[in-house]
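S.K.: After the sequence you'll find the predicted model.
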Amino acid sequence: MTTYTTIAEDTRPLHHPKTWVGKYVWSQDHKVIAIQYSLTAVGVGLVALVLSGLMRLQLAFPGAIPFITPEAYYQFVTMHGMIMVIYLLTALLLGGFGNYMIPLMIGARDMVFPFVNMLSYWVYLLSVIVLLASFFVPGGPTGAGWTLYPPQAITDGTPGAGWGIITMLASLAIFIVAFTMGGLNYATTVLQARTKGMTLMRMPCTVWGIFVATILGLLAFPALFVAAIMMMLDNTIGTSFFMPSIISMGEPLSHSGGSPILFQHLFWFFGHPEVYIVALPAFGIVSDIISTHSRKNIFGYRMMVWAIIIIGVLSFIVWAHHMYVSGMNPYFGYFFATSTLIIAVPTAIKVYNWVLTLWQGDIHLRVPLLFAIGFIFTFIHGGLTGLFLGNVSVDVPLSDTYFVVGHFHMVMGVSPILVIFGAIYHWYPKITGRMWNNVLGQLHFWITFIGVYIIYLPMHYLGLLGVPRRYYEMGETDFVPASVQWANEIITIAALTVGAAQIIFFYNLISSYFRGEKADPNPWGATSLEWQTPDTPPTHGNWGPTLPTVHRWAYDYSVPGAAQDFIPQNVPQGEPGADGDKM
Amino acid sequence: MRVAVVIALLVIGSIAFHFLSPWWMTPIASNWGALDNALILTFWVCGAVFIALNLFLAYSIYRFRHREGSRATYEPENIGLERGLTFWTAVGIVLMLAPGLIAWNKYISVPDDAAILEARGQQWQWSFRFPGADGVLGASAVEHISADNPFGVNPGDPWGRDDIIVESSELHLPLNQPVKLLLTSTDVLHNFYVPQFRAKMDLVPGTTTYLWFTPTKKGTFEILCAEYCGVGHHAMRGYVVVESDADFNTWLSDFPTQSELAGPAAEIAAIE
Amino acid sequence: MSVLQKLTEKSWLPAGADMGADLGMTAERRPAIAATGVWIYIGVATVIFSLVVAAYILRLGNYGADPAKSAELAAGLPWWNLAALCGIPPAEDWRPLSEPPLLWANTAILILSSLAWRKARAETRRGQARELRAALVAGGVLAFAFLAGQLVVWRVLAGEGHFAGAGPATAFFYLITAVHGLHLAGGMAFWGRIATRAFKGAPPNELATSIKLCAVYWHYLLLVWTVMFGLMLIT
């Protein structure tokens, strides 16, 4: 038996800052860094939300707002997409939730490299500043679409083809450096800093989701990094990695021989795993929310973990399903359609298991669970429409139409964001020590959930009709009936309503922080370690003098014969009254 | 409780929306019924799964909602059930994938009797080139493009001299004649998309891509660009007019050949 | 326990109290933690360099824009040809770069630098503080010389009129050397920390972990350089 020393007995204790700046600004505490990450991500996310409102206004009332020119519209499209996918979702789920939850859930005092972790946040902030600076450079931000396809991204017919694209590429490269520093921490912490008894299969699904998503991010972001650097060189010093010889706006350019499709391969080699970088943490978190609030273990835990791993591995061999009509070798279609549809199997299993967790549960319909149920509904919808787009020949009529817009917003916009809302309501009492207002929480859920369905369901039908995406205005088009315009107006009204409803959410969070009821340390009766900290909110070092020891998995809910309907992970096996006649 | 009712209502609402909404695929005007069939099969399989899963979800929430003294069961896993679900899901997936792959095989195999022509995209307009009497398109390159050689046909290539240059965004095609469109772009990515034909493919500068179809209905159909190509993307339109052979030939005879366009000077230059 | 066993554990069943992970961030676990971090980063770097190689090969096989010829050329390539597989049709603008002879000298310097790290690692085992410091200085100075040498190569090429816009082979040369050089420069930061500690009198055994990991990283970058240089030589 090895001797077990904790940090408290270590010769080099944690660095405890004394000043306010040391505690809250240059902090190396994973919880403070998590909050910094989250606030920054939400802040920049609000910019993207406003942009989407402006886009919707243009689509509902074309030309009614003078400053939304085609240039501006395409800039909004681009910045909205890029911010939401990378600077909000990736940063919030990994930099925010990953940072806060990993050490608490596995029983560590902090991330393993706290200094690098701190640096990760500041570099991320720099990337956000560079990104936002692009609104103020000559020509404005890039309007290349979030996929930044060359040659268009760097030629004159696209808004922001000068400074806009340069700041965007620079910001992405900086973000990737930040993510890599954070990601090294998350992965190493999970692998190396679990407390005694915390075997891999005793970790909550949240940690599994974040862990595998981190690995995906570490291996996928390099593709975007390489692509960004190569495009930057094409743009600034005239190399021809992606640029063939072309005539732009009547002027022959000096490039020759480059391949635009090469960029697409690199982009989607990153871009597809990116979908799962967002989805897997959401999968993990939602599993834990469902399990906790329905007082039942997550159904088929092992299958859930394996599914996360299998999805993670497969996500690297499906990228070209974004490129069925890109002009790549058409024989690729067979392979990528098959691999894509295979990935549907583990994903479907996850959905079944969430529903089967509710089955025979003892369901407390609190706000976090409402959001989790909302997620199941929207994810089923988004997942199933993915089967259309993944299947190569079904994709042909649908690709680049509103069907695609509806699909990806449902599956990687709405779904993860519902989980994020659920997760915030779920952990808010632990993070702040206060309870949110239930009425406002319910109101927020109902407007958001029903609103988003009104927004995105009709889009799928517009896509089936053939309405193409990324159109500033439809104009007169023979096959598009006038009713499409009404649809656009209704969608816009719903979108603005949902956007405005987020005020309720922020009001609830802020007012509860100051005036909310004091929260119980473990208000939901949850088993996982983060609810068992000696202090609420947890203090620096998380665990007081001794680390917790884990004796069981994270899902001992409603164990037959046990006195309570949950047994925390740090309660020893066979404790009187803890275990009943569990086999 | 309320959420269970709402989920069920959303399912019913979605079904109602499907039957009441005026939006569905445009009437098909090409041979690509196979794409539609694969899509419709996927639609009904997925629709059934959507309804079943969500109603089961709603029922579970309703049936197992918390009541005084209720307690969840304890069941870590049920390997048999999970295996069964995996198996049947895989069966459903194969059912949808197989017709999709078969349709794709047709989509990329051009019939031998397909007439060849080139569709050219540039910001933000369409133009077309027919191979002329010899049935072969001459080699072309961006470097050769000039005012009297809009397609950049290589002046040294004899196959190119009789190519017919259609500097118009209106393309006419004969009814029931399979066509293979060679797609090229001089500047950025575009995508040739006629909703009624279903087929779609990117135009990639620096390379040539293709798609093929057989127009099966007379009429005028709008061409849209379906790959974002800059500020004029939404306005990059064209028309395909499908008509009888005779009308088509009359239309085509109005357009000049490459050598007529370039004039004798170019040919002399090429010979030298 | 094998990974497979770890991942199939039926964790809901009661297990002995001392079952499972006994990790935690304790002093004696720091080497393992640092090693995990370094190996994960090596994984990340491998993806970066692999993608550059993939892009290199694809671009190498990318021919021009002749509508009539290119599809035919793509179809004529054997199925295992990467360019054919990825739908990038095959042209003529690839002008091989004649690598300046100085690159061979730089390569030799990088090998010596790696050897110096190997020596430093051996000295930590023997506990020879003075020899350790000498090896560290050699490793660092040689790596610095390599970076300086690469810069000289850049200047030589630029002097011959090979700017990055001169052609794909030249552009890739700049890209590859820059990415590789940045990785080595990043390693120099760690070298600086280790060397400072060594000269402040830290005993060799305390430096063992850091030096071992740095040596691993150096060998890795040498391997990467060998592959990249080889690739550029044969094309």
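M.R.: Received it, and whenever you're ready, just let me know what you need.
S.K.: When you work out contacts or count neighbours from here on, use the C-alpha atoms and nothing else.
M.R.: Noted.
S.K.: can you count the residues close to residue 232?
M.R.: I'll assume chain A. Neighbour count for residue A:232, taken as other C-alpha atoms under 10 Å in any protein chain shown: 20.
S.K.: actually chain C
M.R.: 20.
S.K.: Which element, helix or strand, includes it?
M.R.: helix C:204-234 (DSSP states H and E).
S.K.: Point out the other helices and strands that that helix packs with.
M.R.: In terms of contacts (3 or more C-alpha pairs under 8 Å, 6 or more residues apart in numbering or on different chains; DSSP states H and E), helix C:204-234 is packed against helix C:30-60, helix C:102-126, helix C:168-199.
S.K.: need the ones you listed in CSV with mean pLDDT, distance to residue A:352 and mean neighbour count, can you?
M.R.: Formatted as CSV, the helices and strands packed on helix C:204-234 follow (pLDDT from 0 to 100; distance: least, C-alpha to C-alpha, whole Å; neighbours: other C-alpha atoms under 10 Å in any protein chain shown):
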stretch, mean pLDDT, distance to residue A:352, mean neighbour count
helix C:30-60, 91, 34, 19
helix C:102-126, 94, 53, 20
helix C:168-199, 93, 45, 18
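S.K.: Name the SS class of residue B:92, please.
M.R.: When classified by DSSP: H, G, I helix; E, B strand; the rest coil, residue B:92 comes out as helix.
S.K.: And for it, nearest residue in space, chain neighbours not counted?
M.R.: Setting aside the residues directly before and after it, residue B:92 is nearest to residue B:45 in space (C-alpha to C-alpha, 6 or more residues apart in numbering or on different chains), at 7.7 Å.
S.K.: From residue B:51, how far off is the one you found?
M.R.: Residue B:45 is 10 Å from residue B:51, where distance means C-alpha to C-alpha, to the nearest Å.
S.K.: higher neighbour count, the two?
M.R.: Ranked by neighbour count (other C-alpha under 10 Å), residue B:45 and residue B:51 place residue B:51 first, with 19 against 16.
S.K.: Could you tell me how many residues sit around the nearest residue to that one once chain neighbours are set aside?
M.R.: In space, residue B:51 comes closest to residue B:11 once its chain neighbours are excluded; the distance is 6.3 Å by C-alpha to C-alpha, 6+ apart. Residues lying near residue B:11 (other C-alpha under 10 Å) number 20.
S.K.: Show me which residues of the stretch 301-450 of chain A sit near chain C.
M.R.: A:302, A:327, A:328, A:329, A:330, A:332 (C-alpha under 8 Å from any C-alpha of the partner chain).
S.K.: Out of those, flag the one nearest to residue C:30.
M.R.: The shortest approach to residue C:30 among these belongs to residue A:302, at 30.5 Å (C-alpha to C-alpha).
S.K.: secondary structure class for that closest one?
M.R.: For residue A:302, the secondary structure call by three-state DSSP comes out as helix.
S.K.: Run a quick neighbour tally on the closest residue in space to it that isn't next to it in sequence.
M.R.: Nearest non-adjacent residue to residue A:302, counting by C-alpha to C-alpha, 6+ apart: residue C:8, 7.0 Å away. Applying other C-alpha under 10 Å, we find 14 residues neighbouring residue C:8.
S.K.: gap between residue C:8 and residue A:308?
M.R.: Residue C:8 is 14 Å from residue A:308, by C-alpha to C-alpha.
S.K.: before we move on, what about residue A:118?
M.R.: Note on residue A:118: its distance to residue A:308, by C-alpha to C-alpha, is 28 Å.
S.K.: So which of these two has more stuff around it?
M.R.: residue A:308 (27 against 24).
S.K.: In contact with that one, which residues?
M.R.: A:208, A:209, A:212, A:280, A:346 (C-alpha atoms under 8 Å, 6 or more residues apart in numbering or on different chains).
S.K.: Among those, name the ones in helices.
M.R.: Residues of the contacts of residue A:308 located in helices (DSSP state H): A:208, A:209, A:212, A:280, A:346.
S.K.: picking up where we left off before, need the contacts of residue A:308 in CSV with pLDDT and neighbour count, can you?
M.R.: Listed next are these as CSV, based on pLDDT from 0 to 100; neighbours: other C-alpha atoms under 10 Å in any protein chain shown:
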residue, pLDDT, neighbour count
A:208, 97, 26
A:209, 97, 29
A:212, 97, 24
A:280, 97, 30
A:346, 95, 21
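S.K.: Make TSV out of those residues and add distance to chain B.
M.R.: As requested, the contacts of residue A:308 are exported to TSV (distance: C-alpha to the nearest C-alpha, whole Å):
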residue	distance to chain B
A:208	17
A:209	19
A:212	22
A:280	20
A:346	8
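S.K.: For the stretch 101-250 of chain B, what lies in contact range of chain A?
M.R.: B:101, B:103-104, B:107-108, B:123, B:142-143, B:186-189, B:195, B:198-206, B:209-210, B:221-222, B:226-234.
S.K.: quick one: secondary structure of residue B:239?
M.R.: strand.
S.K.: Based on its surroundings, how many neighbours for it?
M.R.: With other C-alpha under 10 Å as criterion, residue B:239 counts 17.
S.K.: cool, and residue B:147?
M.R.: Residue B:147, neighbours per other C-alpha under 10 Å, totals 10.
S.K.: What does it show for phi and psi?
M.R.: Per-residue torsions, residue B:147: phi -60, psi -40 (degrees, to the nearest 10).
S.K.: Kindly report the same for residue C:7.
M.R.: Backbone torsions for residue C:7, taken as degrees, to the nearest 10, come to phi -90, psi -10.
S.K.: Can you mark which positions in the one helix or strand residue B:11 maps to are buried?
M.R.: Assigned by DSSP H and E, residue B:11 belongs to helix B:2-20. If you call a residue buried by 16 or more other C-alpha atoms under 10 Å in any protein chain shown, then helix B:2-20 has these buried ones: B:3, B:4, B:7, B:8, B:10, B:11, B:14, B:17.
S.K.: Show me what whichever helix or strand comes after it is packed up against.
M.R.: Beyond helix B:2-20 on the C-terminal side, the first helix or strand identified by DSSP H and E is helix B:33-63. Helix B:33-63 is packed against helix A:332-358, helix A:367-390, helix A:392-398, helix B:2-20, helix B:79-108, with contacts defined by 3+ C-alpha pairs under 8 Å, 6+ apart.
S.K.: Distance check, the residue nearest to residue B:51 against chain C.
M.R.: Plainly put, residue B:11 is 36 Å away from chain C if you go by C-alpha to the nearest C-alpha, to the nearest Å.
S.K.: didn't residue C:7 look like it was pressed against residue A:200?
M.R.: Yes: Residue C:7 lies in contact with residue A:200 (C-alpha atoms under 8 Å); the separation is 6.9 Å.
S.K.: neighbour-wise, which of those two wins?
M.R.: A count of neighbours by other C-alpha under 10 Å puts residue A:200 above the other of residue C:7 and residue A:200, at 23 against 17.
S.K.: Thought residue C:6 was touching that one, still the case?
M.R.: Yes: the criterion here is C-alpha under 8 Å, and residue A:200 meets it with residue C:6 at 6.6 Å.
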